[in-house]
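1. let me see the structure of the following:
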Amino acid sequence: MTIARTVRVRGMVQGVGFRPFVFRLARENSLAGWVLNEPHGVDIHLEGDEPALLAFLTNLEQQAPPTARITAVEVAAAEQSGLQDFTIHESQASGPPSVRISPDLPVCEDCLAELFDPANPRYRYPYINCTNCGPRYTVIESLPYDRANTTMQRWPMDALCSAQYSDPLDRRFHAQPIACPACGPQYRLEPATDTATPAIEAAAQLLCDGRIVAVKGIGGYHLACDANNGSAVQALRERKFRKERPFAVMVRSIEIARRLADMSCEAEALLTSPARPIVLAPAKVELPGVAPGNSELGLLLPYAPLHHLLFAAGAPDVLVMTSANRSSEPISYEDADARRQLSGIADAFLIGERPIARRVDDSVARAGVFGPMILRRSRGYAPGVAARLPMERPLLAVGADLKNTITLVVDGQAFVSQHIGDLDHYASLQSFARTIRDLVAMYEVSWDKLLVVHDLHPQYASTIHALGLPAHEKLAVQHHRAHIASVLAEKEAWEERVIGVSFDGTGYGDDGSIWGGEFFAGSITQGFRRVMRLRTAALAGGDAAARYPVQCAAGFLSQIDGLPDLTKPPFHFPRRYRNALQLIDKQIRTFETTSMGRLFDAAAALLGFTREVSFEGQAAMWLEQLARAGAGSDAYPFPISGVTLDFRPLLSAVVHDRLCGRDPAAIARAFQRGVARGLCSAVKTLGESHGAHTAVLSGGVFQNEMLLHDVKDILEPEGIRIWTNACVPPNDGGISLGQAALAAFEHCGARPSGARHA
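-> Model prediction:
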């Protein structure tokens, strides 16, 4: 008996070859009907025998395209229309969209085979793609995802592309960015070194010659050079004003990655995943100047056809491939801006004609102690849904000022943006504002219905911008509670009672002081109460002290009696230390802090890092690298005193052992182990008193893998569950998701904007 059904599919089902898949599946089961994209996902109408319909519905989820993510399938009875065939209909716009946008996808094996097949019409064509691969988020200008709504709209399809696009048996059936050399965009080299040499081959030769080339990729430009050419790497550092921050390297193959770094199975899985992030792994060899003073390398594989073509054209097997910008500026993605901003850095520009709809940097991840950890969430992940919140009202969370991301909640889905950067730079602030407009417009959210959520800090650039947005209702969320909430939001654990540990460099506290070493008890539904903290220290110069570890050290060490003269050996503190002590003594430009990040900076200063940092978190990273080489199994004391963790015995032990001539690496290891034991002691004590058996760890300090290893070794045998971030970074890149989660429940840690702060 013939019956009819309507099937609504929700999730990431646009831009991943889902409609062609449905078409073929319906034909295989002799079903009539149609499929179309609509604002909330994909709608299907089916007519046929009941067994065939049941087989279709079974295979719909089991055989879906590998990059599709189905979150819901709704089936309802429908009226029969007497249809005889199955077709793909044009997309419908029947209200604001809530469909998940696919992240950009790496070139697939089928397209790679064609790319290097001389008999194929797309032989060596750098924009080759199909329904299983290619750009998505970086070419979409509006929803639904149709060619007319992408940056490919200016290139009409020729006969070949049109035939494949219309053929349901072809894998380019309804592939929106489809193109070929006869009808699509091309690449060119500026300045052209030899007009007779194709652009990509000429660029490869420049890289072999030790030159720096700006390469237009999927989400922006990269600056590329030979990673084995120390002179080229040093020139890039000098021109880019990037003193010591490690560079990422792109390797030709997984085999080369294995030669350069210790690749675990988990790291290889990340490296080859559809997101194709930069993956941090322990280095086996040293590449001159690529990652100075760092035992890890950041590796990524080619993910765009252009990258494969560069390597095939003879480019070095290992390329520095770093974001094309000057230090702290956002990545260049528009051709005119790239020429202007990168003038004097790049020797040549490899420019693709296809416009990029929005800048999207490479993601960064590692195979962490508790599973994959994302350190920068961008290309390949954004704008994926990191959580589903139990709310119908649209919400915009604008994040923090460092490592900024924003989160837009539509129909309960929390869409987390790509990494935007640090908002103290004007260009990054412009990018932040543009990303807000972009996502709000793409999902057609009405400002008068939108709840805007921001950090509690009244002087954050993100807060000031949020307060100026046209939304009627705004809410402030405390920074460190947002860190804890981000982990629970990922797990959608709204009722779970936890002990939350939020360790980072800085965040505005309830009392207006600088927090960063906080313990909370509670849940998202009940709110989080601060129940313990790091002992308060003085911070001379406020946030500026983060640039100078000895300046941080002054505030912590001023509470310890009987210290030697730290300006003398073996400490060699510069004059800045004494100047900071004078500021503290006179209470001039001195602030209170409970920052665990600054405690790590103080320890780094005592062990030899007495200069200015050249990038955020450098001193703490240096300390972790030093500790990795340390021998011994002891841990310095870090006791609980009332409701505080007392850092004085911890730092006193560091000073004592340094004076006694102990190896600084062993001291660093004992310091890190001491922090872990103090943290775990606090978690166990608080867990018993508050009836919580789960510890939630978040904040930038928990990017420290050694600290996480130690915590795991101590707490797991005690039967305490440990939850950390997995979908969003533990650093401030995850703040916006936590803001959204807390605001959804409007409990402790969230206040109406403008309210008096306790």
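
2. give me the distance from stretch 67-78 to the chain's centre.
-> 29 Å (CA atoms, centre = their mean, to the nearest Å).

3. can you list contacts of it?
-> 3-13, 16-18, 21, 45-46, 57, 60-61, 64, 100, 102, 105, 132, 274, 384-385, 388 (CB atoms under 8 Å, 6 or more residues apart in numbering). Bear in mind the C-beta positions are built from the backbone N, C-alpha and C, glycine included.

4. just the C-alpha atoms of it, please, in PDB.
-> Extracted as PDB, the C-alpha positions of stretch 67-78 are listed here (Å, rounded to 0.1, in the frame of the first residue of the first chain):
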ATOM      1  CA  THR A  67      30.500  15.200   7.600                       C
ATOM      2  CA  ALA A  68      26.800  15.500   8.200                       C
ATOM      3  CA  ARG A  69      25.600  15.800  11.900                       C
ATOM      4  CA  ILE A  70      21.900  14.800  12.400                       C
ATOM      5  CA  THR A  71      20.400  16.000  15.600                       C
ATOM      6  CA  ALA A  72      16.800  15.300  15.000                       C
ATOM      7  CA  VAL A  73      14.500  13.400  12.500                       C
ATOM      8  CA  GLU A  74      10.800  14.200  12.700                       C
ATOM      9  CA  VAL A  75       8.400  12.000  10.700                       C
ATOM     10  CA  ALA A  76       4.800  12.800  10.200                       C
ATOM     11  CA  ALA A  77       1.900  11.600   8.000                       C
ATOM     12  CA  ALA A  78       1.300  13.500   4.800                       C
END
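
5. mind listing what's buried along it?
-> 67-68, 70, 73, 78 (16 or more other CB atoms under 10 Å).

6. which of the contacts of stretch 67-78 fall within strands?
-> Under the assignment DSSP state E, the contacts of stretch 67-78 contribute 3-12, 45-46, 385, 388 to strands.

7. quick one: Glu490 and Thr724 touch, right?
-> No. Using CB atoms under 8 Å, Glu490 makes no contact with Thr724, being 9.5 Å away.

8. ok, the host helix or strand of Asp504: who's next to it in the sheet?
-> Taking DSSP states H and E as the criterion, the element that holds Asp504 is strand 498-508. Sheet pairing here is set by DSSP bridges, and for strand 498-508 it gives strand 514-523 (antiparallel), strand 694-698 (parallel).

9. mean confidence score for it?
-> Averaged over strand 498-508, pLDDT sits at 97.

10. what residues sit buried inside it?
-> Quick answer for strand 498-508 (16+ other CB under 10 Å): 498-508.

11. report the two of the buried residues of stretch 67-78 separated the most.
-> Farthest pair in the buried residues of stretch 67-78 (CB to CB) is Thr67 and Ala78. Separation: 28.7 Å.

12. rewinding a little: tell me the one of the ones in strands among the contacts of stretch 67-78 nearest Phe571?
-> Val385 (49.8 Å).

13. now tabulate the strands paired with strand 498-508 in CSV and tack on distance to Gly184.
-> Output for those, formatted as CSV (distance: least, CB to CB, whole Å):
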stretch, distance to Gly184
strand 514-523, 51
strand 694-698, 44
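
14. which one, of those, ends up nearest to Ile88?
-> strand 694-698 (44.1 Å).

15. distance of the spatially most distant residue from the centre of the chain relative to Ala52?
-> Relative to the mean C-alpha coordinate of the chain, counting by CA atoms, centre = their mean, the farthest residue is Met1 (51.6 Å). Met1 sits 11 Å away from Ala52, going by CB to CB, to the nearest Å.

16. then Leu488?
-> 43 Å.

17. neighbour count winner among the two?
-> Leu488 (27 against 18; other CB atoms under 10 Å).

18. hey, where'd the strands end up in the stretch 351-500 of the chain?
-> For the stretch 351-500 of the chain, the strands defined by DSSP state E, counting those that start in this stretch cover 364-368, 371-376, 385-388, 395-397, 407-410, 413-416, 451-455, 473-477, 498-508.

19. relative to strand 451-455, how tilted is the longest one?
-> So the one you mean is strand 498-508. Relative orientation of strand 498-508 and strand 451-455, computed by axes from the mean of the first three to the mean of the last three CA atoms, to 10 degrees: 80 degrees.

20. number the chain from 166, please
-> All right, first residue 166 from here; so that's strand 663-673.

21. chain center to strand 663-673, what's the gap?
-> With CA atoms, centre = their mean, you get 19 Å for strand 663-673.

22. next one: the first one
-> From the chain centre to the centre of strand 529-533 is a distance of 10 Å (CA atoms, centre = their mean).

23. can you give me the angle it makes with strand 536-541?
-> Using the same axes, to 10 degrees: strand 529-533 against strand 536-541 is 160 degrees.

24. list the contacts of Val618.
-> Here Val618 is in contact with 560-563, 631, 639-642, 904-905, 907-908, 915 (CB under 8 Å, 6+ apart).

25. so which of these is the most crowded?
-> Neighbour max across these (other CB under 10 Å) = Gln904, 36 neighbours.

26. I'd say that one and His648 touch.
-> No. Using CB under 8 Å, Gln904 is not in contact with His648, being 10.0 Å away.

27. sort out for me which of the buried residues of stretch 232-243 are in strands.
-> Among the buried residues of stretch 232-243, DSSP E puts 235, 238 in strands.

28. between the buried residues of stretch 232-243, which is closest to Gly395?
-> Nearest to Gly395 among those is Thr232, at 39.2 Å by CB to CB.

29. how far away is that closest one from Cys298?
-> Taking CB to CB, one finds Thr232 at 8 Å from Cys298.

30. who touches both of the two?
-> Common neighbours of Thr232 and Cys298 (CB under 8 Å, 6+ apart) are Leu270.

31. now do the SS call for Leu325.
-> helix (DSSP: H, G, I helix; E, B strand; the rest coil).

32. give the contact list for it.
-> Residues in contact with Leu325 (CB under 8 Å, 6+ apart) are 286, 345, 347-348.

33. now the buried members of those.
-> Among those, those buried by neighbour count (16+ other CB under 10 Å) are Cys345.

34. format the strands paired with strand 663-673 as CSV; extra columns: mean pLDDT and mean neighbour count.
-> Formatted as CSV, the strands paired with strand 663-673 follow (pLDDT from 0 to 100; neighbours: other CB atoms under 10 Å):
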stretch, mean pLDDT, mean neighbour count
strand 679-688, 98, 25
strand 859-863, 98, 26
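
35. of those strands, which approaches Ala413 most closely?
-> Taking the strands paired with strand 663-673 one by one with CB to CB, strand 859-863 is closest: 24.6 Å.

36. for Tyr625, see how far away Asp587 is.
-> 12 Å.

37. so Arg838 is in contact with Pro802, correct?
-> No. With contact defined as CB under 8 Å, Arg838 does not reach Pro802; the gap is 11.0 Å.

38. when the two are compared, which one has more neighbours?
-> Higher neighbour count among Arg838 and Pro802: Arg838, with 24 against 13, using other CB under 10 Å.

39. so who does Ala413 touch?
-> 443, 463-465, 485-487, 527, 529.

40. just Asp603 next, same as before
-> Arg523.
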